[in-house]
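Asks: Pasted the sequence and its predicted model underneath.
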Amino acid sequence: MLQLLTFLVEKFSLLFHLQLFESSCVEERDRERPVQRASHPPLRRGDLLEVPRTLFTHFGIYVGDNKVAHLIPDILPVLTNNNKLISSVITNNRLIVGCMYRCATVRVDTLEDFAYGSSIRVNYLDKMMKTQPLPSDSVAQRAEKLIGAFPYSLLWNNCEHFVTHCRYGSAKSQQTEKFCECLKLIIRDQRSIIITVLLGIISIVWFGMVPSTTLPTILIPFTLWMAG
């Protein structure tokens, strides 16, 4: 039992590793260059902007005139055609439901609305991407052409994919890559097999030996064993 508790603690730590890693990167970046506040940052058209959120980093492209183009989940366009209502600042509830419904838009907001009270980092992905950024005006034009409804996937088509497509010509997401590496570590850990077997046995005892409980109890541990 102690080993299982230790295993669960380790897995929760891995799941939070992404945010902790991001926080450490932010601290290192902050030591390298002062962070610009959301009030009056010296920005150029085509700059790639980052703002930290609770569990992730949000990205956008500065298009000039204190405006930012960014991809963000939003459920409201599915529910109404009222442009005035849709253009209002996206709340967390709208964002979460839009993410679950896989509905998003590329929209233009003010710099202050985009920052949502957070500090802004400028062009830090330039240091980590192997591809050189496109000309600044081309970056902004690529972002402006995509304004409107947009398919969304938390892992495969998010706001970071949008900005890297615009600035570097290739859609990538380091947040997705870190999450997948974390998930790979969990799958490769052989103790995951023990956990799934125990959960399967509990479900069989609770619900009875039926295909809906027996098959997952066999197939899931076998798949994890083969993957590990």
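Replies: Ah, there it is. What you see is a predicted model, and the numbers here were worked out from it, not measured in a lab. Numbering: from 1, shown residues only.
Asks: Output stretch 180-195 as PDB - backbone C-alpha positions only.
Replies: Extracted in PDB, the C-alpha atoms of stretch 180-195 (Å, rounded to 0.1, in the frame of the first residue of the first chain):
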ATOM      1  CA  CYS A 180       3.500  14.100 -24.000                       C
ATOM      2  CA  GLU A 181       6.900  13.400 -22.500                       C
ATOM      3  CA  CYS A 182       5.300  13.400 -19.000                       C
ATOM      4  CA  LEU A 183       2.600  11.000 -20.200                       C
ATOM      5  CA  LYS A 184       5.200   8.800 -21.800                       C
ATOM      6  CA  LEU A 185       7.000   8.500 -18.400                       C
ATOM      7  CA  ILE A 186       3.800   7.500 -16.700                       C
ATOM      8  CA  ILE A 187       3.000   4.800 -19.400                       C
ATOM      9  CA  ARG A 188       6.500   3.400 -19.200                       C
ATOM     10  CA  ASP A 189       6.400   3.100 -15.400                       C
ATOM     11  CA  GLN A 190       5.700  -0.600 -14.800                       C
ATOM     12  CA  ARG A 191       3.800   0.300 -11.600                       C
ATOM     13  CA  SER A 192       1.100   1.700 -13.800                       C
ATOM     14  CA  ILE A 193       0.200  -1.900 -14.700                       C
ATOM     15  CA  ILE A 194      -0.300  -2.800 -11.000                       C
ATOM     16  CA  ILE A 195      -2.500   0.200 -10.500                       C
END
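Asks: where exactly do the helices run in this protein?
Replies: 2-15, 17-32, 76-79, 83-86, 92-101, 111-115, 136-145, 159-168, 174-188, 191-207, 211-227 (DSSP state H).
Asks: who does Pro73 bridge with?
Replies: Ala104 (DSSP bridges).
Asks: count of residues packed around it?
Replies: A count of neighbours around Pro73, defined by other CB atoms under 10 Å, yields 22. From N, CA and C alone the C-beta is placed, and that goes for glycine too.
Asks: Hmm, it is touching Gly98, no?
Replies: Yes - the criterion here is CB atoms under 8 Å, and Pro73 meets it with Gly98 at 3.4 Å.
Asks: what sits in contact with each of those two?
Replies: By CB atoms under 8 Å, 6 or more residues apart in numbering, Pro73 and Gly98 have these common neighbours: Ala104, Tyr152.
Asks: Against Thr164, how distant is the nearest residue to His70 once chain neighbours are set aside?
Replies: With CB to CB, 6 or more residues apart in numbering as the criterion, His70 has its nearest non-adjacent residue at 3.3 Å, and that residue is Gly60. Plainly put, Gly60 is 12 Å away from Thr164 if you go by CB to CB, to the nearest Å.
Asks: Next: Gly98.
Replies: Gly98 is 21 Å from Thr164, by CB to CB.
Asks: so what's the spatially closest residue to Thr80 that is not a sequence neighbour up against?
Replies: Computed as CB to CB, 6+ apart, the closest residue to Thr80 that is not its neighbour in sequence is Ile86, at 6.9 Å. Listed by CB under 8 Å, 6+ apart, the contact set of Ile86 reads Asp74, Leu76, Pro77, Thr80.
Asks: Need the buried ones from the residues you listed selected in ChimeraX.
Replies: Burial among the contacts of Ile86 is assessed by 16 or more other CB atoms under 10 Å; the matching ChimeraX selection reads:
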select :74,76,77
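Asks: Quickly name whichever of the contacts of Ile86 is closest to Asp126.
Replies: Asp74 (28.4 Å; CB to CB).
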